[in-house]
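Asker: My questions concern the predicted model and sequence given below.
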Amino acid sequence: MPLYKLEEFDPQYRETFGGDDVKGLDLYSEGGLKVGLVTDALVDQDGRFRYLVIDTRLDTSGKKILLPIGLSRINYPTQRVYVDGLSKQQVEMLPEYHENLMVDEDYEEKVRSVFRHASSNINYDRNTYNYQKEPNLYNLNEQYHQTLRLYEERLIANKHRVKTGEVAVGKHIATETARVTIPIQKERVLIERVPPTQAGTVVDPNELKFQEGEVARIEIYEETPEIRKEAFVREEVRVKKLVDRDTVEAEDTIRREELDINTTGELHLDDTSSIRPEVI
């Protein structure tokens with residue numbers, strides 16, 4: 001299971017823990033002897049604390065080590081972390097931790113083997129091992145590490161697009177009968193026989209030239225209509241979408257769990273009313 005530094009897993013971890021920060025707390029033995037400083041914490045993929053990174057360099061022989069979280073007792077009001085029975089011999093036996101070190105299963109087993117009781121019947125197998133097998137190293141369920149979760153409901157507003165219809169714009173051809181009027185002209189010949197203007201006048205036959213055949217030609221024309229069709233742009237149609245905005249309000253009843261504390265006798269109780277990190 002991969003492990004992450006506290007700030008890598010949650011860059012806003014201080015807000016998550018209600019302002020508390022385990023980094024920078026001094027590490028003390030149960031007898032009140034300062035044995036180191038907490039510089040970081042390693043959490044698993046679910047955000048559960050697994051190790052505290054301890055700087056034991058209070059003298060020239062110290063080094064950074066990993067302390068399984070179950071061996072510690074975090075006291076935020078006093079800004080201290082207490083450890084039960086971390087000896088100088090154990091510090092010397094523990095593998096040194098470096099900031100750029102990739103903590104794998106074999107490295108963790110080296111750490112566990114230092115703190116594991118001689119009477120432990122754990123047979124380590126990296127393929128089947130899990131933290132629940134050694135609750136004394138990884139669980140914080142004793143008196144000083146009881147964790148209660150108070151739940152609160154909240155309204156989540158979201159939205160999604162739903163198709164309510166569609167508009168299809170197309171063209172079709174409409175036909176109608178159109179009529180136009182155009183005047184045309186037709187020519188015709190009118191032959192009139194009228195009385196001569198010099199009726200009864202005697203003409204000398206020798207002066208007359210009698211002719212046969214064609215004596216006059218008149219060309220006759222008429223106009224014929226020429227009808228054709230032409231296309232032109234009648235109008236333009238633009239199609240676009242407009243977005244109408246509205247605000248929808250919703251309300252519901254939400255629930256929140258509050259902590260009830262009942263005490264009996266003369267008991268001094270400190271209630272910090274702040275969120276503690278999840279360390280189960």
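Answerer: Yes, it's here.
Asker: going forward, measure contacts between C-alpha atoms and count neighbours the same way
Answerer: Will do.
Asker: Confirm Gln132 sits in a helix?
Answerer: Yes - assigned with DSSP: H, G, I helix; E, B strand; the rest coil, Gln132 falls within a helix.
Asker: dump the residue contacts of it.
Answerer: For Gln132, the contact set (Cα atoms under 8 Å, 6 or more residues apart in numbering) comprises Tyr138, Asn139.
Asker: Look up how far Val194 lies from it.
Answerer: Distance of Gln132 to Val194, computed by Cα to Cα, to the nearest Å: 141 Å.
Asker: swap in Asp260?
Answerer: For Asp260, the distance to Val194 equals 139 Å [Cα to Cα].
Asker: from memory Asp20 sits against Pro77, does it?
Answerer: No - contact status for Asp20 versus Pro77: not in contact, 9.4 Å apart, counting by Cα atoms under 8 Å.
Asker: more neighbours, those two?
Answerer: Asp20 (17 against 10; other Cα atoms under 10 Å).
Asker: On the pLDDT front, check that one for me.
Answerer: pLDDT recorded at Asp20 is 83.
Asker: For the closest residue to it other than its chain neighbours, the count of nearby residues, please.
Answerer: Nearest non-adjacent residue to Asp20, counting by Cα to Cα, 6 or more residues apart in numbering: Arg14, 5.9 Å away. Using other Cα under 10 Å, the number of residues around Arg14 comes to 15.
Asker: now do Val43
Answerer: 23.
Asker: Could I get the contacting residues of it?
Answerer: Counting by Cα under 8 Å, 6+ apart, Val43 has contacts Leu3, Tyr4, Lys5, Leu6, Phe9, Phe49, Arg50, Tyr51.
Asker: and with 6 Å instead?
Answerer: Listed by Cα atoms under 6 Å, 6 or more residues apart in numbering, the contact partners of Val43 are Leu3, Tyr4, Phe49, Arg50.
Asker: can you tell me which of those residues lies nearest to Leu67?
Answerer: Ranking the contacts of Val43 by separation from Leu67, with Cα to Cα as the measure, puts Arg50 on top at 8.4 Å.
Asker: Doesn't the closest one belong to a helix?
Answerer: No - read with three-state DSSP, Arg50 is strand and lies in no helix.
Asker: looking at it, it is touching Ile69, isn't it?
Answerer: Yes - in this structure, Arg50 is within contact of Ile69 by Cα atoms under 6 Å, at 5.3 Å.
Asker: Of the two, which one has the most company?
Answerer: Taking other Cα under 10 Å, Arg50 and Ile69 do not tie; Ile69 has more neighbours (25 against 22).
Asker: Spit out the contact partners of the closest residue in space to the more buried one that isn't next to it in sequence.
Answerer: Closest residue to Ile69 apart from its sequence neighbours, by Cα to Cα, 6+ apart: Tyr51 at 4.9 Å. Residues near Tyr51 by Cα under 6 Å, 6+ apart: Ala41, Leu42, Leu66, Leu67, Pro68, Ile69.
Asker: neighbouring strands for the longest strand anywhere in the chain, and are they parallel or not?
Answerer: In the chain, taking DSSP state E as the definition, the longest strand is strand 34-43. Take DSSP bridges as the rule and strand 34-43 pairs in its sheet with strand 4-5 (antiparallel), strand 26-29 (antiparallel), strand 49-55 (antiparallel).
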